[in-house]
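1. here's a sequence, model it:
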Amino acid sequence: MQISPLEDKSPVMGAPPSPQVRSEGLYFCDGKRKVDYVLVFHHRRLSSIRSLVSGSVSQDQLSVVSNGNFPPATSSDPAAGRGGDIPGGEAASVGEVFMELGSAKGSEPMEPVDQEMHLIRQEFETNLLEAGLEIEREKEVKTHGPSFTRIHAPWPVLCREAEFLKIRVPTKASYELKEERGFGSSMSSMWRKLNQPFQPKVSLQDHCSTKFLSHCFSRDKLHLYNISSKDTFFDNATRGRIVYEILRRTVCVRTCQTIGISTLIAKGVYDSAFPLHDGDYKVIGHLEERTDRQVLNEEWARYSAFYKYQPIDLVRKYFGEKIGLYFAWLGVYTQLLIPASIVGIIVFGYGVATVDTNLPSLEMCDGRLNFTMCPLCDGACDFWHLSTACGTARASHLFDNPATVFFAIFMSLWAVLFLEHWKRRQISLSFSWDLTGIEEDEEHPRPKYETILLQKRQRKLKNKKKRKKSEPEKQEDGAVTGKDRWRQKLLSAMAAGAPPPVDKLTWKDRLPGYLINVTSILFMFGLTFSAVFSVIIYRITVSALMAMSPDPEIKSNVRVTVTATAVIINLVVILILDEIYGAVAQWLTELEIPKTETNFEERLIMKAFMLKFMNAYAPIFYVAFFKGRFVGRPGSYVYVFNNYRMEECAPGGCLIELCIQLSIIMLGKQLIQNNIFEIGIPKLKKLIRALKEKGKTPKAREEEKPPQQWNLDYALAPFEGLTPEYMEMIIQFGFVSLFVASFPLAPLFALLNNVIEIRLDAKKFVTELRRPVAARAKDIGIWFNILSGMGKLSVIINAFVISFTSDFIPRLVYQYMYSPSGTMHGFIDHTLSYFNVSNFKPGSAPQNSEHEDITFCRYKDYREPPWSSDAYQLSKQYWSVLAARLAFVILFQNLVMFLGLMVAWVIPDVPKTIVEQLKREKKLLVNLFLQEEKEKFQLIQSLFAKDSILQSNSQVSNPSQGLPILGRYSTLPSGPAAGDGGGGGPRPRCRAASFSQFSGKTSSSPKNENANSRQTAV
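-> The predicted structure is shown next:
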């Protein structure tokens, strides 16, 4: 393959790699320097016609007049020879750039766009070299396809950036952790033995009784750190993070002062940038030589390891604190689902055990009571007996029983306990991961923000030029007097001394985006309500049509069929709208033009959560609180489109329908999203890649080189953030907490899903995604606020579900106020009102009724009978039940809120052991630094004493010598030596020198010392 002169000037370092290094693909060609980061860009394949036409071009240049953003290239560029010079060999004039179109060697020419991209890459990589990084690229340049630029950070750069970023590293000093004694110690040891089979085989997870003190890295305190090897002192995740910090703050002048690799990727200069994985994830060789990636794959990312704890410390070491906190939170949430699942199973078991002794269900199933119910639709529907709904009543008791109230209170307290437990766990992880006291990193603007800001600056410059052109015309007209000229000169002189104003986007620039956001979100809410209303219309119409059927089997299964099909339609609509709302939230957030990635992520999360929350729970809210509330009564029904009656709840109540709705939507979302979206789509992509590999000819396979690690990683899917993972679990948390009173088995199904979800996400991160940059984070961010808000909302919703959706309150009111015997005998008859069939509106009575001589029919409501003076008006029982329901809501909310505050007060956020260890570490660090300063002072005193002795000896041996020579490391001014007792004045204060300067590793050559100081200089 021929090499174009442009690519020949790009930085290439090192000799051809050895076969061993080729197989690893983690080092430069010399096999010594690690590849810390990879930049990828694409060569575009030129068309065959374009290639034939341009083949006759020898060496041509295209002169492109720049807009003033291209700096003039000179032959005296300090980066020349390292890939920073502009091709052509000549210095371009100011405002003009020459791009080479042809090559005398016959290589394919570059298009102007590709040429410009190449020059931008050269400038950017030259700036990276000036920042101290080392770059390597293949000597053989491709005419098309991806090209990889490898980056290595040498030790001086790592030290400099670690000090800037305040990365905490362990010191040599350590202390023994306080061990429990007595009964607590024996219980802890026994618990560790019981937990041993569930622990992953990871060295970092071993119980350790010592802890090393950590401190922010400083180049002046290298002697404090246990640096056994400079190559391994900073792990690969930290090295990648350091290189990323350099990449994101490096300026590229050619793209109008663009800052950072993210902007260059957005502009298409680079295709992607990522750190490398630690080799293949499959174990090859001895188990003792496994890399971190292989350990994670074996002990964490396998479905067979579902019963084991997660190696959270190793996850944090490999992926960073942000991803480590997500999996730690998911683990805590899954563990606490175990007691909730057990209690839910007990509550469900109680319902199963008492279904045969439940008096309301027995009365509904007793055909001898002969409750003749009013028709379910007008005209075509006939009267029916309540005993035909026996199955619905028995099923409703499984979820609507006295134990449900206890379970709702328990789950509300469980939500508070979960949040408190997570806060303690988060503090413990922050302490063990040395995150206490870290400062938030300064963020650079996003590419979209920079682009809009650049356009605003250009508009300002254009308007300024127009104003300058209009000024001479005013002066010619005599509009500007001499006094005005002096005033203008004075103002311009004052403005010259003032700092230039910092351009930024104001609310006026964002106002169109805000307006589009508000209108779009309202439209999406309307779309969600329209979908729910459409399903309601479907239920009403299908119920009416099935009721008109002459087949008795179809008539008997109307409710089951309509409910099941409507819920499935709801599920499909929810899944489709979920994907649409995710894309819409991204688009709306872009319109707001957030300045930083953190602002962008928080706004995106809030929009996506609002839209997906409304989408997932709108059908459930309808069934829980609105269905059956606006039906009316026989003779005065509420109609939709003047033809269809509003749907009613089942005879056993709406709670059983709420249970069906919640269970199908929850299980459907989990199964479909997990199995199809998260498992099926990646496997399909892998299958397509395998088919492409098989489609290659044998000759092409032989010529193709074995893939390096950067080729393998580039083939993986890019990491796109944790928002989808968190969002899925937050919606599930809503199913578990908000409507748990209607479905006690929800925690069990959530637990089963999460056991698979943890291993599924682990496998995705280890084997299917590129390695993300290790990002620091102290907590899970805005997600905790969302969880806290949902926990408080769950108390209110469960209170209303129990009081208004279930029959718990009506049963209590009947038993203690209206029952003659103080039992539930006669409850069904008490809840049914009478209706005189002669009061039906014309055309609404059954046309072909099989029941003759029926004077009254029954319907579920608390209304006066037709023989009363206030016929069909709401009865006193209705108002008694309503008052009891409202009282229960207030009592339930206050009781649960009070118990939640008690739980939060009893459980402190910071564990007592962590507080004691923090104080102890602070004290030990102070003692360590005081001891270091003391040793420095003693060494300086001894050194100055030696210098004074040498000076006195030199003066005796050579009295004609001039001024005394101070030691090379002296930081004191010439004068009496410290400790000589001469002079009554105070001893001059010396500047503290580095301890490493006085250690045995001090360079014997001033030349080496100066070289080292240049390497670590800022």
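2. longest helix in the protein, please.
-> Residue-count comparison of every helix in the chain, with assignments taken from DSSP state H, identifies helix 912-957 as the longest.
3. quick check: residue 715 touching residue 689?
-> Yes - with the criterion set as C-beta atoms under 8 Å, residue 715 and residue 689 qualify as a contacting pair; they are 7.0 Å apart. For every residue, glycine as well, the C-beta is placed using N, CA and C.
4. who touches the closest residue to residue 774 other than its chain neighbours in this structure?
-> Taking C-beta to C-beta, 6 or more residues apart in numbering as the measure, residue 774 lies nearest to residue 320, with 3.0 Å between them; neighbours along the chain are not counted. Under the criterion of C-beta atoms under 8 Å, 6 or more residues apart in numbering, the neighbours of residue 320 are 237, 241, 772-776.
5. among these, which are located in helices?
-> Assigned to helices by DSSP H, the following of the contacts of residue 320 qualify: 237, 241.
6. dump the contacts of residue 320 to JSON lines, plus distance to residue 946 and neighbour count.
-> Written out in JSON lines, the entries for the contacts of residue 320 read as follows (distance: C-beta to C-beta, whole Å; neighbours: other C-beta atoms under 10 Å):
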{"residue": "237", "distance to residue 946": "46", "neighbour count": "22"}
{"residue": "241", "distance to residue 946": "44", "neighbour count": "24"}
{"residue": "772", "distance to residue 946": "54", "neighbour count": "20"}
{"residue": "773", "distance to residue 946": "50", "neighbour count": "21"}
{"residue": "774", "distance to residue 946": "47", "neighbour count": "24"}
{"residue": "775", "distance to residue 946": "50", "neighbour count": "16"}
{"residue": "776", "distance to residue 946": "46", "neighbour count": "16"}
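7. could I get the contacts of residue 320 as TSV with distance to residue 930 and pLDDT?
-> As requested, those are exported to TSV (distance: C-beta to C-beta, whole Å; pLDDT from 0 to 100):
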residue	distance to residue 930	pLDDT
237	33	90
241	32	91
772	41	92
773	38	90
774	33	88
775	35	87
776	29	86
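8. report pLDDT for the residue nearest the centre of the chain.
-> Closest to where the C-alpha atoms of the chain average out (C-alpha atoms, centre = their mean) is residue 722, at 2.7 Å. According to the model's per-residue confidence, residue 722 sits at a pLDDT of 90.
9. my guess is it contacts residue 322. True?
-> Yes - look at residue 722 against residue 322 with C-beta under 8 Å: they come within range, at 7.1 Å.
10. got the domain ranges for the chain?
-> 33-43+112-167+217-276, 510-692 (the TED database).
11. end to end on the longest one, go ahead and measure it.
-> Spelled out, that is domain 510-692. Using C-alpha to C-alpha, to the nearest Å, the gap from the first to the last residue of domain 510-692 comes to 46 Å.
12. start at 25, not 1
-> That works, and once the first residue is 25, the last one we named lands at domain 534-716.
13. what helix or strand is the nearest residue to residue 934 once chain neighbours are set aside on?
-> Take residue 934 and drop its neighbours on the chain: the residue closest to it by C-beta to C-beta, 6+ apart is residue 451, 5.1 Å away. Assigning secondary structure by DSSP states H and E places residue 451 in helix 426-456.
14. compute the inter-axis angle for that helix and helix 936-981.
-> With axes from the mean of the first three to the mean of the last three C-alpha atoms, to 10 degrees defining the directions, helix 426-456 sits at 0 degrees from helix 936-981.
15. buried stuff in helix 426-456?
-> For helix 426-456, the buried set under the neighbour-count rule, 16 or more other C-beta atoms under 10 Å, comprises 427-429, 431-451, 453-455.
16. dump the residue contacts of residue 838.
-> Counting by C-beta under 8 Å, 6+ apart, residue 838 touches 848, 850-851, 854-855.
17. what do you get if the cut-off is 7 Å, keeping everything else the same?
-> With contact taken as C-beta atoms under 7 Å, 6 or more residues apart in numbering, residue 838 is in contact with 851, 854.
18. and for the one 4 residues further on?
-> For residue 842, the contacting residues are 854, 901, taking C-beta under 7 Å, 6+ apart as the criterion.
19. for it, give its distance to residue 319.
-> Here residue 842 is placed at a distance of 68 Å from residue 319 (C-beta to C-beta, to the nearest Å).
20. try residue 658
-> 70 Å.
21. just residue 618 next, same as before
-> In this structure, residue 618 and residue 319 are separated by 38 Å, where distance is defined by C-beta to C-beta.
22. pick out whichever of those two has more residues nearby.
-> Remark: of residue 618 and residue 319, residue 319 carries more neighbours, 24 against 21, as counted by other C-beta atoms under 10 Å.
23. ok, now which ones touch the more buried one?
-> When the contact criterion is C-beta under 7 Å, 6+ apart, the partners of residue 319 are 226, 338.
24. from residue 350, how far off is it?
-> The gap separating residue 319 from residue 350 is 19 Å, by C-beta to C-beta.
25. and if you look at residue 239?
-> 27 Å.
26. centre of the chain versus stretch 388-395, how much separation?
-> The chain centroid and the centroid of stretch 388-395 are separated by 57 Å, computed with C-alpha atoms, centre = their mean, to the nearest Å.
27. and for stretch 162-181?
-> Shown here is stretch 162-181, whose average C-alpha point lies 30 Å from the average C-alpha point of the whole chain (C-alpha atoms, centre = their mean).
28. for it, buried residues please.
-> When neighbours are counted by 16+ other C-beta under 10 Å, the buried residues of stretch 162-181 are found to be 165, 171-177, 180-181.
29. which among these gets closest to residue 634?
-> Sorting the buried residues of stretch 162-181 by distance to residue 634 puts residue 175 at the head of the list, at 40.6 Å, by C-beta to C-beta.
30. the closest one contacts residue 60, doesn't it?
-> Yes - A contact is recorded between residue 175 and residue 60 when judged using C-beta atoms under 7 Å, the distance being 5.8 Å.
31. now the common contact residues for those two.
-> Common contacts of residue 175 and residue 60 (C-beta under 7 Å, 6+ apart): residue 267.
32. skipping adjacent residues, who's closest to residue 858 in space?
-> Ranked by C-beta to C-beta, 6+ apart and with sequence neighbours excluded, the top spatial neighbour of residue 858 is residue 889, at 4.4 Å.
33. do the same with residue 676
-> Distances taken as C-beta to C-beta, 6+ apart place residue 420 nearest to residue 676, at 3.5 Å, with adjacent residues excluded.
34. tell me the pLDDT of that neighbour.
-> The predicted structure scores residue 420 at 84 on the pLDDT scale.
35. equivalent analysis for the one 3 residues further on, please.
-> In the predicted model, residue 423 carries a pLDDT score of 83.
36. residue contacts, it?
-> Residues in contact with residue 423 (C-beta under 7 Å, 6+ apart) are 375, 679-680, 683, 766-768.
37. how near is the residue nearest to residue 934 to residue 444?
-> The spacing between residue 451 and residue 444, counted by C-beta to C-beta, is 11 Å.
38. what about residue 857, how many residues nearby?
-> For residue 857, the neighbour count with other C-beta under 10 Å is 24.
39. need the next SSE after the helix or strand that contains it, C-terminal direction.
-> Residue 857 is part of strand 856-860, with elements assigned from DSSP H and E. Sequence order places strand 880-884 as the next helix or strand after strand 856-860, per DSSP H and E.
40. report all helices and strands that that next one contacts.
-> In this structure, strand 880-884 packs against strand 396-397, strand 856-860, with contacts taken as 3 or more C-beta pairs under 7 Å, 6 or more residues apart in numbering; DSSP states H and E.
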